[in-house]
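> Quick one: sequence plus predicted model below, questions after.
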Amino acid sequence: MKRRPYVLLAELTYGCPLHCPYCSNPVSSPAEVELDTGEWNRVFQEAARLGVLHVGLSGGEPLLRRDLPEIISAAHDSGLYTNLITSGLGLDFARARQLRASGLDSIQISFQADEAVIGDSIAGARAHHHKIDAAAAVTQAGLPLSLNVVLHRHNIERLPAIFSLAESLGAQRLELANVQFYGWAWLNRKSLLPSRDQAQAAFALAQSAKERLAGRMEVIYVLPDYFEERPKPCMQGWGERYLTVNPIGQVLPCPNATSIPGLQFENVRQQSLENIWNESESFNRFRGEEWMPLPCRECPERHVDFGGCRCQAALLTGDPSATDPVCSLSPHHLMLQNTVREETSDLDASSWSARQNPAR
Amino acid sequence: MSSLDLSQRPILASHARLQIDSVSGDPVLLFPEGLLVLNATAHEIVRRCNGKISIAELIRQLTEEFDASEEVLRSDILENLDQLRQRNLIILSK
């Protein structure tokens, strides 16, 4: 069967009112003009023709786009299932109702913690109480609500309270995503990485909450992969199911791909999405198995994990074609384990660099 | 497995959307961050999850449509509904 993407991540802007130290946006974002409404409309139509069914409207903070209702309509009219991925800042009942009327299918609001003191210190802004109001506005407008909480050293022990918060806000879905170390999080790793004990306790809590809440709220727990023995099946394979279009129109096989040295990315301003998906060097670079090193190339699990994450391999080993060091079969696995032990020996050593936001 | 009451009326959850995949022609159920590709039976079931008809009526309609034995179809339908409920994709009401 022909290879097709299922999910498009549409990063509408790099602008954001928050300064989270694990932001997934590039550490230095290019100062080029953002795609306009008409360009996004074309992207959605081309994506739907290629086979995309889901679009995540993200950023930065997508609510900063004044044309967000038009962008949502365009995605909806192309037949895509639309999910808004937002901090919640700037979202009140009137706006939530307007977005729903534009065809929005669901909203995901990020929380930094269950309460304001920790939450606001991580966000670098007085954000927590706005998020509570935004979540209420979302359910009042009749939109399905998901919460996303990035977990790290400073909030991972708050899990029981985080479950209570999600329940009290009427969330249908709670995504607990242990921080993955790319971009800003890579810079701040020493102050974000949880200890192995913290990670194990959190895993047990998440498992029991999953069972307790089954049928009421879906709980998704994204493992902290530095503590695993096998790598995550990153993006379900490079260039297999996902594509990202960033605010300036570059098309990426994964949201962090610009961190990989030596890769060039095509732009929707110059080429069709179909052409980029099928023909571009960047999408073909790690497709299939040709590129794999040993031990991946001969490993029976290569069809399960696809050799892990290319961005992680590049960051940890300098070589984007290396086996993901999370894998116990990687020659770099011991190095990663030693690093984790060293960096979590003193959990109080915690100063981070807040994300600097680009001008728009 | 199922503790489903046949008088209950299933309705698709507000975050779930049924549509036909334009590439494969398959019916798909879309929801936040996921999708299910439906087989013919599942498609006929999900199409009827509108909050208006009971599970018993749904079984009757599908037995007629597929011209199949009610015994076989009943367990298939109940299993499908139970799975959809566990994944929060349908809600059952009286």
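Looks like it arrived, so ask away. Residues are numbered from 1 along each chain as shown, chains lettered A, B, ... in the order given.
> Quick one: residues contacting residue 74.
No chain in the question, so chain A it is. A:37, A:40-41, A:44-45 (CB atoms under 8 Å, 6 or more residues apart in numbering or on different chains). From N, CA and C alone the C-beta is placed, and that goes for glycine too.
> The chain in question should be chain B.
Here B:Arg74 is in contact with B:Ile59 (criterion: CB under 8 Å, 6+ apart).
> how about the residues of chain A that lie near chain B?
A:4, A:6, A:48-51, A:53-54, A:79, A:81, A:83, A:105-106, A:108, A:142-144, A:146, A:172-173, A:175, A:214-218, A:220 (CB under 8 Å from any CB of the partner chain).
> Of these, select the buried ones using a PyMOL command.
If you want just the buried ones from the residues of chain A next to chain B in PyMOL, going by 16 or more other CB atoms under 10 Å in any protein chain shown, the selection is:
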select buried, chain A and resi 4+6+48+50+51+53+54+79+81+83+105+106+108+143+144+146+172+173+175+217+218+220
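> what does the average pLDDT come to for stretch A:260-276?
In this model, stretch A:260-276 has a mean pLDDT of 96.
> Can you list the neighbours in contact with that stretch?
A:35, A:39, A:42-43, A:46-47, A:49-50, A:243, A:245, A:248-252, A:257-258, A:280-283, A:285, A:310-311, A:314, A:320.
> Now find how far off-centre that stretch is within its chain.
Put simply, stretch A:260-276 sits 20 Å off its chain's centre (CA atoms, centre = their mean, to the nearest Å).
> Report the buried residues of that stretch.
Buried residues in stretch A:260-276 (16+ other CB under 10 Å): A:260, A:263, A:265-266, A:268, A:272-273, A:276.
> related to what we said a few turns ago, hmm, which of the contacts of stretch A:260-276 are the buried ones?
A:35, A:42-43, A:46-47, A:50, A:243, A:245, A:248-252, A:257-258, A:280, A:282-283, A:285, A:310-311, A:314, A:320.
> In which helix or strand does the most far-flung residue of chain B relative to its centre reside?
Among residues of chain B, the one most distant from the C-alpha centroid is B:Val23; the distance is 22.7 Å, by CA atoms, centre = their mean. Assessed by DSSP states H and E, B:Val23 sits outside every helix and strand.
> And the helices in the chain?
No chain in the question, so chain A it is. Along chain A, counting by DSSP state H, helices occupy A:37-50, A:68-77, A:93-101, A:116-123, A:128-140, A:159-168, A:183-187, A:189-192, A:196-213, A:273-279, A:281-284, A:302-305, A:310-317, A:333-343.
> actually it's chain B I care about, not the one you picked
Counting by DSSP H, the helices of chain B are B:40-47, B:55-66, B:70-86.
> These into JSON lines, with extra columns for mean pLDDT?
Converted to JSON lines, the helices of chain B look like this (pLDDT from 0 to 100):
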{"stretch": "helix B:40-47", "mean pLDDT": "94"}
{"stretch": "helix B:55-66", "mean pLDDT": "91"}
{"stretch": "helix B:70-86", "mean pLDDT": "89"}
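> any idea of the pLDDT on residue 37?
In the absence of a named chain, chain A is used. Predicted confidence (pLDDT) for A:Thr37: 98.
> hmm, I had chain B in mind actually
Looking at B:Val37, the pLDDT reads 94.
> I'd say it and B:Asp26 touch.
Yes: B:Val37 is within contact range of B:Asp26, at 5.2 Å (criterion: CB atoms under 8 Å).
> need the contact list for residue 20.
Just going to use chain A. A:112, A:122-124, A:150, A:184, A:354-355.
> That was the other one, I meant chain B.
Applying CB under 8 Å, 6+ apart, the residues contacting B:Ile20 are B:26-28.
> A:Leu147 against A:Leu174, yeah?
Yes: judged on CB under 8 Å, A:Leu147 makes contact with A:Leu174 at a distance of 5.1 Å.
> Now the common contact residues for these two.
A:Ala166.
> Got the confidence number for the residue of chain A found nearest chain B?
Nearest to chain B, among the residues of chain A, is A:Pro144, at 3.4 Å (CB to the nearest CB). pLDDT for A:Pro144: 93.
> next one: B:Gly34
88.
> How about the contacts made by it?
Counted by CB under 8 Å, 6+ apart, B:Gly34 has zero contacts.
> show me the contacts for A:Arg230.
A:301, A:305, A:326-328.
> ditto for A:Leu336
A:226, A:316, A:325-326.
> could those go into a markdown table alongside neighbour count and pLDDT?
Below are the contacts of A:Leu336 laid out as a markdown table (neighbours: other CB atoms under 10 Å in any protein chain shown; pLDDT from 0 to 100):
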| residue | neighbour count | pLDDT |
| --- | --- | --- |
| A:Tyr226 | 24 | 94 |
| A:Leu316 | 22 | 96 |
| A:Pro325 | 25 | 97 |
| A:Val326 | 26 | 96 |
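> Now render these as a markdown table, adding distance to A:Gly15.
Listed next are the contacts of A:Leu336 as a markdown table, based on distance: CB to CB, whole Å:
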| residue | distance to A:Gly15 |
| --- | --- |
| A:Tyr226 | 30 |
| A:Leu316 | 30 |
| A:Pro325 | 34 |
| A:Val326 | 33 |
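> Could you tell me which of the residues you listed belong to strands?
Among the contacts of A:Leu336, no member falls in strands (criterion: DSSP state E).
> how close does the closest residue to A:Arg97 other than its chain neighbours get to A:Ala123?
Closest residue to A:Arg97 apart from its sequence neighbours, by CB to CB, 6 or more residues apart in numbering or on different chains: A:Ala141 at 4.5 Å. Using CB to CB, to the nearest Å, A:Ala141 is found at 24 Å from A:Ala123.
> repeat for A:Arg95
For A:Arg95 relative to A:Ala123 (CB to CB), the value is 20 Å.
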